[in-house]
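J.: Return a 3D structure for these sequence lines:
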Amino acid sequence: MSDPLDEIRRAAFELRQTDPQEAVRVLRRAAAAGGDAEVLARGALGEIYLEEFADLDGAEHEFREVLRLAPGLSAAELGLARVLREQGDVKEADAGLERALLGIARDVQGFRESAEELPPGAEEVVLTLLEVANELGDLRSAHGSDNAVKVPLDESLLVWAESERLLDATEDADDWVRFYSLWTQLRLLTGRGEEAIAAIASAHLPEADRAGLLAEVRAELGLPVLVTLGKP
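T.: Below you'll find the model as predicted:
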């Protein structure tokens with residue numbers, strides 16, 4: 001007999017790409033088992049309804065069921081907030097994104113405080129933290145006042161991830177580009193353009209990526225883009 005968790009992972013990450021309807025059937029069977037399997041299966045169903053079918057009602061139902069079964073689960077808070085944003089419920093989407101952000105931040109804080117080896121995927125949690133911070137910043141920028149956007153993120157968590165070279169674990173240089181691009185965008189959203197420019201200078205990036213990111217930031221701020229001529 002196959003492991004229900006393996007079936008859920010297969011449906012959530014592989015089958016949804018080739019046959020999302022079959023993925024739904026697999027996840028429905030898994031959810032019927034109850035317990036942790038139901039939580040995972042319903043969370044995956046919510047993502048499929050949202051991302052593959054654009055079924056906002058179906059996605060909302062699944063994420064709310066997950067939160068009924070596992071109150072405060074960050075992934076479900078995030079999924080529901082994204083649905084609510086699509087439905088135009090800005091106030092509840094904002095509140096949900098903030099809950100998700102704070103929950104993910106607690107996870108990263110746990111990594112930082114733990115004396116044990118970091119769990120697999122810790123680097124992806126940090127990237128998700130930055131993505132959610134930017135989503136919240138984008139929402140507040142689009143629907144807020146003219147004042148600087150505020151996002152409740154303890155950025156010392158990002159400093160820790162950077163100093164620990166956390167993203168080296170992925171063996172994918174593009175993850176560092178993603179990390180610094182997201183952090184840069186967060187600084188811009190929260191009105192810290194000069195800080196963003198200064199931080200890029202010490203970023204753990206190849207020179208070409210650093211120069212490209214700096215050019216993007218200066219252009220967004222309306223500053224002249226500096227051109228460095230190579231040696232003949």
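J.: Counting neighbours, which bits of the lowest-mean-pLDDT helix or strand in the chain end up buried?
T.: Every helix and strand of the chain was ranked by mean pLDDT, DSSP states H and E. The lowest is helix 4-10, at a mean of 86. For helix 4-10, burial by neighbour count (16 or more other Cβ atoms under 10 Å) applies to 4, 7, 8. All C-beta spots, glycine's among them, are computed from the backbone N, C-alpha and C.
J.: sec struct for residue 178, please.
T.: Secondary structure, DSSP: H, G, I helix; E, B strand; the rest coil: residue 178 is helix.
J.: was I right about it contacting residue 127?
T.: Yes: at 6.2 Å, residue 178 and residue 127 qualify as touching, with contact defined as Cβ atoms under 8 Å.
J.: Show me the longest helix that occurs in the chain.
T.: helix 90-113 (DSSP state H).
J.: What mean pLDDT does it get?
T.: The average pLDDT for helix 90-113 rounds to 98.
J.: Which neighbouring elements make contact with it?
T.: Identification of packing neighbours for helix 90-113 by 3 or more Cβ pairs under 8 Å, 6 or more residues apart in numbering; DSSP states H and E yields helix 74-86, helix 122-143, helix 156-163.
J.: Which positions within that helix qualify as buried?
T.: So for helix 90-113, counting by 16+ other Cβ under 10 Å, buried means 93-94, 96-105, 107-108, 111.
J.: ok, now stretch 124-134?
T.: Going by 16+ other Cβ under 10 Å, stretch 124-134 has these buried residues: 125, 126, 127, 128, 129, 130, 131, 132, 133, 134.
J.: Run through who's touching it.
T.: Residues from elsewhere that reach stretch 124-134 (Cβ atoms under 8 Å, 6 or more residues apart in numbering): 78, 97, 100-101, 104-105, 107-108, 111, 151, 153, 157-158, 161, 166-167, 170, 175, 178-179, 182-183, 185-186, 189.
J.: Now it: average pLDDT?
T.: 98.
J.: again, but for stretch 12-19
T.: Mean predicted confidence for stretch 12-19 is 90.
J.: which residue packs closest to residue 119, ignoring adjacent ones?
T.: The shortest distance from residue 119 to any non-neighbouring residue, by Cβ to Cβ, 6 or more residues apart in numbering, is to residue 111 (7.5 Å).
J.: quick one: which of the buried residues of helix 4-10 is nearest residue 65?
T.: residue 8 (15.1 Å; Cβ to Cβ).
J.: which intervals of the protein have sub-threshold pLDDT?
T.: Applying pLDDT under 70 to the chain flags residues 1-2, 145-147, 226-232.
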